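*Asks:* Here's my sequence, what's the structure:
(one chain, ligands or ions: 1)
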Amino acid sequence: MKVAIAADHGGVALKGRLMRVLDAGHEMLDLGTNSEEPVDYPDYARALGRAVLDGQAERGVLICGSGAGAAIAANKMRGIRAALAHDTYTAHQMVEHDDVNVCCLGARVVGAELAAEIATVFLAARFTGEERHVRRLNKVAQIEREGI
Ligand code: RB5
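*Replies:* Modelled structure (predicted):
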């Protein structure tokens, strides 16, 4: 799968680790940042969301210190369904039920090995397409269209 990955300075070290792990099974698109120089997470969320929406990547992995800012910013983009996952159950269920296309991680919250498992499980998961999930996602999309 084509996977975009991006991080702010809080997540740059974890991004490097995930790049090495995920590169074995996926085509990785690294959108930075690439140093510990402080940057603003919305800039990286925007770049990653664009890559997913433009079809350069099917899914994204977005990392900041807590994962919270990354998720907030990514979810402002129409068509991005971002969720914070710090356990493997959430990592697959959020795709199976909610068709999540961006997995957010907090590098200051989870260790690198757990984060690698979470990202691997997220990328292996598929949306079930079951009627009740489609119905709920349509309601989410309706909220998005209303631009409240
Ligand atoms: C940066 O210090 C930190 O605020 C950022 O990485 C993130 O945790 C925001 O949610």
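*Asks:* which SSE is residue 120 in?
*Replies:* Using DSSP states H and E, the element containing residue 120 is helix 112-124.
*Asks:* neighbouring contacts of whichever helix or strand comes after that helix?
*Replies:* For helix 112-124, the succeeding helix or strand toward the C-terminus, using DSSP H and E, is helix 131-146. Contacts to helix 131-146, defined as CB atoms under 8 Å, 6 or more residues apart in numbering, come from residues 78, 81, 96-99, 127. In short, each C-beta sits where N, CA and C put it, glycine included.
*Asks:* what separates residue 100 from residue 12, distance-wise?
*Replies:* Residue 100 sits 23 Å away from residue 12, going by CB to CB, to the nearest Å.
*Asks:* These two: which is more packed in?
*Replies:* residue 100 (25 against 21; other CB atoms under 10 Å).
*Asks:* Please name the nearest non-neighbouring residue to the more buried one.
*Replies:* residue 94 (4.2 Å; CB to CB, 6 or more residues apart in numbering).
*Asks:* How about residue 11?
*Replies:* Spatial nearest neighbour of residue 11, chain neighbours left out: residue 63 (2.9 Å); criterion: CB to CB, 6+ apart.
*Asks:* Alright, I will stop here.
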